[in-house]
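S.K.: need a structure here:
(chains A and B)
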Protein chains: 2
Amino acid sequence: MAYLVGMENMDYQQEQALKAPEAAIVEETSVSLPDELIEAVQEAIDDEDQHRAYTLLDAMSPPDVANLLDKIDGADRKQLIDWFGENFTSDMFLYLSDNVIRHIFSDMNPIEVARIIADMDTDDAMELLEQLDEDFRVEVVKKLSKKLRMHVEEGFTFPEDSAGRMMSREVAVVPEFWTVGKTLDYARMARNDLPDQFFDIFIVDPGYRVVGEVPLDALVKAQRSTKVADIARREIFKIPVTMDQEEVAHLFRRDVILAAPVVDDGERLIGVITIDDIVDVIDEEAEEDVLKLGGVSETDIYSAIFSTVRSRFSWLAINLVTAILASVCISFFDEALEKVVALAILMPIVTGMGGNAGTQAMTVAVRAIATKELSGANALRVIGKECLVGNINGILFAILMGGLTMFWFHSVVLGVVIGIAMLVNLTVACFAGVSIPLFLDRVRIDPALASTVFLTTVTDIVGFVVFLSLGTMLLI
Amino acid sequence: MAYLVGMENMDYQQEQALKAPEAAIVEETSVSLPDELIEAVQEAIDDEDQHRAYTLLDAMSPPDVANLLDKIDGADRKQLIDWFGENFTSDMFLYLSDNVIRHIFSDMNPIEVARIIADMDTDDAMELLEQLDEDFRVEVVKKLSKKLRMHVEEGFTFPEDSAGRMMSREVAVVPEFWTVGKTLDYARMARNDLPDQFFDIFIVDPGYRVVGEVPLDALVKAQRSTKVADIARREIFKIPVTMDQEEVAHLFRRDVILAAPVVDDGERLIGVITIDDIVDVIDEEAEEDVLKLGGVSETDIYSAIFSTVRSRFSWLAINLVTAILASVCISFFDEALEKVVALAILMPIVTGMGGNAGTQAMTVAVRAIATKELSGANALRVIGKECLVGNINGILFAILMGGLTMFWFHSVVLGVVIGIAMLVNLTVACFAGVSIPLFLDRVRIDPALASTVFLTTVTDIVGFVVFLSLGTMLLI
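M.R.: A predicted model of the protein is given here:
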């Protein structure tokens, strides 16, 4: 399995001799790159042993090479690029993380970047070009072939994250009156004009409007004399070129389709989106939700320290405001806190449990909204259910924590105070956990991004105020 | 677009008359089911107007019908099943959520369930059968055709969540010495024995071991006299039948492939896994991480109240232990809290900010571990980076909150106390946020499930102890 494009000035025996022990590491059936192999490459770089590094990389698949370049540090990466930059296959670049692509391309000149992109389909070329600064991108695009340049330039006129940015312009298409035999003969003859990879042939009318789609397996199963129109699937979803990529992903996922035609305002076929483009979007989309809920904007594991600090700072600053707000609420009860120090000791339990119960409800709600399982139609039912769930768990934990408090602080009243506060806060938390994301979605704010802050504010303030005011009333 | 299987005893004019206004609702280009349509169906059910309901459902695609059945309540669902149970296409059932499938099937007898499953490929049949209780499943399987029964029974011998459970047994396969022409002729002749849907033809040696794979587009582009062996891709990953589905998904995602052969111990071809099976797994996998981080085990939006209460209770109970532990730490400082009530007012800010900063680092780490971007090879570098990020943000927020505190409580010393506590807690939080998931992964505990509890324990205890002990030392 020699993946790197052939390396000059290394004779065959030398190469074989070097292949011995290190290459064996990758032989085990594992779908992820073993850490030992990464360490072996790092050692080879430290020893400045170019041939050993070559042997190791040559045995790796393009995704593994990409994973390696992602994981090693900047200096090691630069060394590998200096040694083997020209040997990497172009599809390896498609597997790199965005940050690393930017790093690598910033050290190259436009001609080198253009050479990497030259043989790609439009969608892949666009994916890499999107990582470049605009000025540099314009320079690179100038060096591309006329056809690819035209497609790429047009691609960049479509909104970011739209179908137009994802689609491939290379489409297999035949007129509706052709037979299966004619289509097969055409595929054989015109093979160089067809996309590198395709799963369906689209059928168009004379106005280039899509009227159906023939999956290749249906084509090879059919008699040569059959009309393609007769075996075409007609109920296909035509994706408007401006549709948002998340909507496109939702469609692919819902209908479990492999490819869909992209059409312009006049319903004319201008491109195709295939499932491999979608897998990335689905991944990104679910990942975005995880990250946003955790208060980070993107996987910043490969980002520079200062950009990480900056992007996280703003989230923490918003949370500081929430925390100060909660503290201001506490400060109203300074007299009670001074007299009954147990209130200060126990109050984090009330807010902490409320926060956790609310987060559970919120997490389910945010995901259900993203996957369209939760919408206006069943909102009331789900809110009702969550209130009940919060209420039941509230009663259980009120009894548990109330009892524990009576035992710990030898005070029945304090136990009653924390019990009631827990019950109220858990119920409110579950209600807020599901209604905040629903409300944000209704007013078109991303629930994953903003729900946590609002929820914490509610559970903190309700928790502190109910607990401390009950404490003031009953204990002082 | 008539999707329902034809309905008896309704004359054509009646049907047309009914189609008028309601059906128009679905005409707009939307990839999700509009709430208005759900409400229209619910109204039709309330009015016991079977024909109106039929008209509405007939205009919907199978995924939309499934989404509708997911969202309406149990009684409405039962009414629709009573009316149209036999009219639903079998693939509609594949789009239902697991809970709803279980509900619907529990009202059916084995013969009815078997009829739904009868025409499916093995993987789809398995997916539905997995939702049934074992006794009921055995009854259903008895009613299936001999071939499907055999495949399904064998499928259930493989471990849960393994490749063997996901694979389809229907594979397109030809010997390596065949030509493209012979293969095309065979596909046409044997079309009824081929899978319903396939993208690749696998090439096997006489021992039925996979030696390569011919994508259909390569097949239709090639000359008839070419040997399939000459156009086959040879570098294919053969999936062992016992491989875990998450590993399989990682492989598909990494290499962007559409289909991969599944092999037994002797490397013999026994099935195929296709990208449409994988999209579900990828979705589930990312979703699981979101849900686990939020402290819930599954999307319980369609679960019964008591099972929701029970599954969430255990997470809250674990968190209660953590919270009590933190309170015990606070209780050691009761004297300081009594004397300086400002400590009680400010302490939630220190722990809250630590918790947030730690969650940011943890979220990134958990996702990076799941996507294999973070492993032993770059662990130290990432931990170092996170400590620095936490430290820098710690300094910034120490200055901010320290200044604010001096102003609020007119005490320079209190400002210094909270500043130092913030700095220490944010740094420790970022360190813990990335090293806890890495450690859990190393000892083979799921980081998404357990990281939050450990992290909260660390940030709460460090926050309270540092802040209150500094307060005790400097203010009393």
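
S.K.: make it CA atoms for all contacts and neighbour counts henceforth
M.R.: OK.

S.K.: Return the residues of the stretch 51-200 of chain A in contact with chain B.
M.R.: A:63, A:67, A:70-72, A:95, A:184, A:187-191, A:197-199 (CA under 8 Å from any CA of the partner chain).

S.K.: what sits against A:T363?
M.R.: A:433, B:290-291, B:294, B:296 (CA atoms under 8 Å, 6 or more residues apart in numbering or on different chains).

S.K.: returning to what we had before: farthest-apart pair in the residues of the stretch 51-200 of chain A next to chain B, please.
M.R.: A:I72 and A:L184 (47.5 Å; CA to CA).

S.K.: In the stretch 151-300 of chain A, mark out all the helices, start to finish.
M.R.: A:163-166, A:180-189, A:216-221, A:228-231, A:245-255, A:275-293 (DSSP state H, counting those that start in this stretch).

S.K.: returning to what we had before: determine which two of the contacts of A:T363 are furthest apart.
M.R.: Across these (CA to CA), the longest gap, 15.0 Å, separates A:G433 and B:V290.

S.K.: which one of those two has more residues nearby?
M.R.: Taking other CA atoms under 10 Å in any protein chain shown, A:G433 and B:V290 do not tie; A:G433 has more neighbours (34 against 31).

S.K.: Tell me the confidence at the closest residue to that one other than its chain neighbours?
M.R.: Take A:G433 and drop its neighbours on the chain: the residue closest to it by CA to CA, 6 or more residues apart in numbering or on different chains is A:M362, 4.2 Å away. If you check A:M362, the pLDDT there is 93.

S.K.: Would it be right to say that A:M362 lies in a helix?
M.R.: Yes. Assigned with DSSP: H, G, I helix; E, B strand; the rest coil, A:M362 falls within a helix.

S.K.: how close does it sit to B:F105?
M.R.: Per CA to CA, to the nearest Å, A:M362 is found 30 Å from B:F105.

S.K.: centroid residue for chain A?
M.R.: A:E284 (1.1 Å; CA atoms, centre = their mean).

S.K.: Look up the pLDDT of that residue for me, please.
M.R.: For A:E284, the pLDDT comes out at 75.

S.K.: Next one: it from chain B, what distance?
M.R.: 9 Å (CA to the nearest CA, to the nearest Å).

S.K.: tell me which of the contacts of A:T363 is nearest to A:G384?
M.R.: Of the contacts of A:T363, the one sitting nearest to A:G384 (CA to CA) turns out to be A:G433, at 11.9 Å.

S.K.: what ranges do the helices span in the stretch 1-150 of chain A?
M.R.: A:12-23, A:35-46, A:50-58, A:62-71, A:74-84, A:90-94, A:98-106, A:110-117, A:122-129, A:134-142, A:146-155.

S.K.: Would you mind giving the domain segments of chain A?
M.R.: Domain assignment for chain A, taken from automatic domain parsing, gives A:12-166, A:173-293, A:305-475.

S.K.: now, of the ones you listed, which is deepest in the fold?
M.R.: Highest mean neighbour count of the domains of chain A: domain A:305-475, a mean of 21 (counted as mean count of other CA atoms under 10 Å in any protein chain shown).

S.K.: Quick one: end-to-end length of that domain, please.
M.R.: 50 Å.

S.K.: Pretty sure A:M406 sits against A:G415.
M.R.: Yes. Counting by CA atoms under 8 Å, A:G415 is a contact partner of A:M406 at 4.9 Å.

S.K.: Report pLDDT for the closest residue to A:V389 other than its chain neighbours.
M.R.: Spatial nearest neighbour of A:V389, excluding adjacent residues (CA to CA, 6+ apart): B:V309 at 5.5 Å. pLDDT for B:V309: 90.

S.K.: can you pull the contacts of B:V309?
M.R.: So B:V309 contacts A:389-390, A:392-393 (CA under 8 Å, 6+ apart).

S.K.: how about a markdown table for those residues, with pLDDT, distance to A:E43 and secondary structure added?
M.R.: Formatted as a markdown table, the contacts of B:V309 follow (pLDDT from 0 to 100; distance: CA to CA, whole Å; DSSP: H, G, I helix; E, B strand; the rest coil):
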| residue | pLDDT | distance to A:E43 | secondary structure |
| --- | --- | --- | --- |
| A:V389 | 93 | 56 | helix |
| A:G390 | 94 | 56 | helix |
| A:I392 | 96 | 59 | helix |
| A:N393 | 95 | 55 | helix |
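
S.K.: Helices of the stretch 351-476 of chain A, start to end?
M.R.: A:376-409, A:412-442, A:447-475.

S.K.: Is chain B within reach of the shortest one?
M.R.: No. Using CA under 8 Å from any CA, helix A:447-475 never reaches chain B; the gap is at least 9.5 Å.

S.K.: Point out where the stretch 151-300 of chain A drops to low pLDDT.
M.R.: Applying pLDDT under 70 to the stretch 151-300 of chain A flags residues A:299.

S.K.: how about 90 then?
M.R.: By pLDDT under 90, the low-scoring segments of the stretch 151-300 of chain A are A:151, A:154-155, A:159-161, A:166, A:168-170, A:190-199, A:233-237, A:245-259, A:265-267, A:274-300.

S.K.: List of residues touching stretch A:321-335?
M.R.: For stretch A:321-335, with CA under 8 Å, 6+ apart as the criterion, the contacting residues are A:453, A:456-457, A:460-461, A:464-465, A:468-469, A:472, B:341-342, B:345-346, B:348-349, B:352-353.

S.K.: Just to check, A:E298 is in contact with A:V290?
M.R.: No. Using CA under 8 Å, A:E298 makes no contact with A:V290, being 9.7 Å away.

S.K.: Close to chain B: what parts of the stretch 351-476 of chain A are there?
M.R.: A:352-353, A:356-357, A:359-360, A:363-365, A:367-368, A:372-378, A:382, A:385, A:388-390, A:392-393.

S.K.: at 6 Å what do you get?
M.R.: A:359-360, A:363-364, A:377-378, A:389 (CA under 6 Å from any CA of the partner chain).

S.K.: Max pairwise distance over these: which two?
M.R.: Largest pairwise distance in these, by CA to CA, is 22.8 Å, between A:T359 and A:A377.

S.K.: re earlier: redo the domains of chain A as CSV? Include distance to B:I231.
M.R.: Output for these, formatted as CSV (distance: least, CA to CA, whole Å):
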stretch, distance to B:I231
domain A:12-166, 20
domain A:173-293, 13
domain A:305-475, 40
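
S.K.: which residues does A:V174 contact?
M.R.: A:V174 makes contact with A:I203, according to CA atoms under 6 Å, 6 or more residues apart in numbering or on different chains.
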